[in-house]
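Undergrad: Predicted coordinates and the sequence they were generated for:
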Amino acid sequence: MARIDLNHIRHAYSANPKSDADYALKEVHHAWQDGGAYALLGPSGCGKTTLLNIISGLLRPSHGEILFNGVDVTQLSAEERNIAQVFQFPVVYDTMTVYDNLAFPLRNRGVPAPEIDRRVRETIEMIDLVDWTKRKARGLTADQKQKISLGRGLVRNDVNAILFDEPLTVIDPHLKWVLRSQLKKLHKRYGFTMVYVTHDQTEALTFADKVVVMYEGEIVQIGTPAELFERPRHTFVGYFIGSPGMNVLPVTLDGNRAHMGSHSIKLPDGLVVREGARTELGVRPEHVSLGREGIPIEVSKVEDIGRHRIVRARLEGQDIAVVVPEDGEVPADPKIVFQAGRINLYADSWRVEPRHGGA
Ligand code: ADP
Ligand code: MG
């Protein structure tokens, strides 16, 4: 297994990039710890596959270097980096049996036959294709082929890292859950460094110890699921993670008070904002209390989703969502209070961190 350092990586697909907009990856600079389980989360087109292919060696970055355990591998091929990669769409040999598809990468590396047999059978069981062991891959369904692909990524145990690029897209939801649990178990057992790309927050949050959130070619935050929820570093993280996402409300500042139309809210002490910055409050729907005191809102809809209700409302011309516990009431003329210590302030979309130990 390996620690992976990404040093000032930038990548443009065009030959003569001029501005930031020409870069699919703007600047990625950080380290993936040895043995970590990472999820790379972000919307389609934000650069996830580009970053993954740079780590595996399928793509050379325009700038920067990649180190494995401190050794520069930037110029090495995928093969030489000894990384297993599972792609979004199945990569299988149609004319080979399921068994041979899995045995192939091991035979290639000269693994002794009895060990090949043991590992292939173990993997086939894990991906739930025991009954298809002797069948040719041709004629299997798309999700069975994707399971073979997944198996090919997992069958070797001598790799530096395993990279998964949205590997479960074509697989049905229940099986998705089963396979994800299997991956987690494998990770615990063998301690592979795993990077799992997805655009689905549930998948990311259930798989990883650390979630890496990407947005428009940049990593905007790396954190535990709890950190991403409690202290989103960027408004994008706030509304991409959580269901519904964080409320983001434009405000003007006056000392430590934030004004929204005729209403104002006291902010925690120690927040310093650059002159002229665009300022917003970010408050999770779970951290807004509904009652008879506070700022009045106009309710447009109440959604009952079982465990709780989501109140959709308008506040000074802005949409706002409030989560009300199952047994909570929605008064006729509801007012809201933002829970103390749960208010994030954003300047030009980035969270303003308190200067001296504030909330
Ligand atoms: P994601 O995997 O997050 O959906 P990608 O890494 O595939 O995003 O793409 C990032 C950006 O780079 C997108 O704007 C995409 O159109 C562009 N891009 C990806 N692959 C290529 C390519 N081979 N040639 C040119 N542009 C590409
Ligand atoms: Mg992709």
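TA: Noted; the coordinates are in hand. Ligands and ions are numbered 1, 2, ... in the order given.
Undergrad: Just give me the neighbour total for the residue of the stretch 201-350 of the chain found nearest ligand 2.
TA: Nearest residue of the stretch 201-350 of the chain to ligand 2, counting by Cβ to the ion: residue 214, 10.4 Å away. All C-beta spots, glycine's among them, are computed from the backbone N, C-alpha and C. Using other Cβ atoms under 10 Å, residue 214 is surrounded by 24 other residues.
Undergrad: what about stretch 201-214, start to end distance?
TA: One end of stretch 201-214 to the other measures 12 Å (Cα to Cα, to the nearest Å).
Undergrad: Make 2 the starting number, not 1.
TA: In the new count, where the first residue is 2, that last one comes out as stretch 202-215.
Undergrad: and for that stretch, what are the contacting residues?
TA: By Cβ atoms under 8 Å, 6 or more residues apart in numbering, the residues outside stretch 202-215 that reach it are 37-43, 47-49, 52, 169, 177, 181, 184-185, 197, 199, 220-226, 229, 235, 237-238, 241-244.
Undergrad: Find me the pLDDT at residue 50, would you?
TA: At residue 50, the pLDDT value in this model is 96.
Undergrad: Show the contacting residues for it.
TA: Shown in contact with residue 50 (Cβ under 8 Å, 6+ apart): 89, 166, 198.
Undergrad: Can you lay out those as CSV showing secondary structure?
TA: Output for the contacts of residue 50, formatted as CSV (DSSP: H, G, I helix; E, B strand; the rest coil):
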residue, secondary structure
89, coil
166, strand
198, strand
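Undergrad: still on that earlier bit, which ones among the contacts of stretch 202-215 map onto strands?
TA: 38-42, 197, 199, 220-224 (DSSP state E).
Undergrad: ok, so of those, who is nearest ligand 1?
TA: residue 41 (8.3 Å; Cβ to the nearest ligand atom).
Undergrad: what about the closest one, distance to residue 208?
TA: Using Cβ to Cβ, to the nearest Å, residue 41 is found at 11 Å from residue 208.
Undergrad: Same question for residue 158.
TA: Residue 158 is 20 Å from residue 208, by Cβ to Cβ.
Undergrad: Let me see the ranges of the helices in the chain.
TA: For the chain, applying DSSP state H gives helices covering 49-57, 79-82, 99-109, 114-127, 143-155, 174-191, 202-208, 226-231, 236-241.
Undergrad: Now residue 290: closest residue in space that isn't a chain neighbour?
TA: Nearest non-adjacent residue to residue 290, counting by Cβ to Cβ, 6 or more residues apart in numbering: residue 338, 4.8 Å away.
Undergrad: what residues are up against that neighbour?
TA: Residues near residue 338 by Cβ under 8 Å, 6+ apart: 289-290, 292, 294-296.
Undergrad: What's the local residue count around the closest residue to residue 199 other than its chain neighbours?
TA: In this structure, residue 199 finds its nearest non-sequential neighbour in residue 205, 5.3 Å apart by Cβ to Cβ, 6+ apart. By other Cβ under 10 Å, 24 other residues sit near residue 205.
Undergrad: Kindly report the same for residue 313.
TA: If you count neighbours by other Cβ under 10 Å, residue 313 ends up with 16.
Undergrad: residue contacts, it?
TA: Taking Cβ under 8 Å, 6+ apart, we find residue 313 in contact with 300-304, 320-322.
Undergrad: near ligand 2, which residues of this structure show up?
TA: 49-50 (Cβ under 5 Å from the ion).
Undergrad: give me that answer again for 6 Å
TA: Applying Cβ under 6 Å from the ion, we find that the chain lies next to ligand 2 at 49-50, 166.
Undergrad: Point me to the residue of the stretch 252-360 of the chain nearest ligand 1.
TA: Taking Cβ to the nearest ligand atom, the stretch 252-360 of the chain has residue 350 as its residue nearest ligand 1, at 19.3 Å.
Undergrad: The most centrally placed residue in the chain pairs with what?
TA: Centroid-nearest residue in the chain: residue 42, 2.2 Å away (criterion: Cα atoms, centre = their mean). Assessed by DSSP bridges, residue 42 has beta-bridge partners residue 199, residue 214.
Undergrad: surely it meets residue 199?
TA: Yes. In terms of Cβ atoms under 8 Å, residue 42 counts as a neighbour of residue 199; the distance is 6.0 Å.
Undergrad: and the gap between the residue of the stretch 202-351 of the chain closest to ligand 2 and ligand 1?
TA: From residue 215 across to ligand 1, the span is 7 Å (Cβ to the nearest ligand atom, to the nearest Å).
Undergrad: Check residue 129 too.
TA: Distance of residue 129 to ligand 1, given as Cβ to the nearest ligand atom: 27 Å.
Undergrad: Show the contacting residues for the nearest residue to that residue once chain neighbours are set aside.
TA: For residue 129, ignoring the flanking residues on the chain, the nearest one in space by Cβ to Cβ, 6+ apart is residue 148 at 7.0 Å. Residue 148 sits next to 128-130, 172, 180 when contact means Cβ under 8 Å, 6+ apart.
Undergrad: Just the residues contacting stretch 175-191, thanks.
TA: Residues contacting stretch 175-191 (Cβ under 8 Å, 6+ apart): 38, 127-129, 144, 148, 151, 155, 158, 165, 169, 172, 193, 195, 197, 204, 207-208.
Undergrad: 7 Å instead, please
TA: The contact list for stretch 175-191, computed with Cβ atoms under 7 Å, 6 or more residues apart in numbering, reads 38, 127, 151, 155, 158, 169, 172, 195, 204, 207-208.
Undergrad: Can you tell me which of those residues are buried?
TA: Among the contacts of stretch 175-191, those that count as buried by neighbour count (16 or more other Cβ atoms under 10 Å) are 38, 127, 151, 155, 169, 172, 195, 204, 208.
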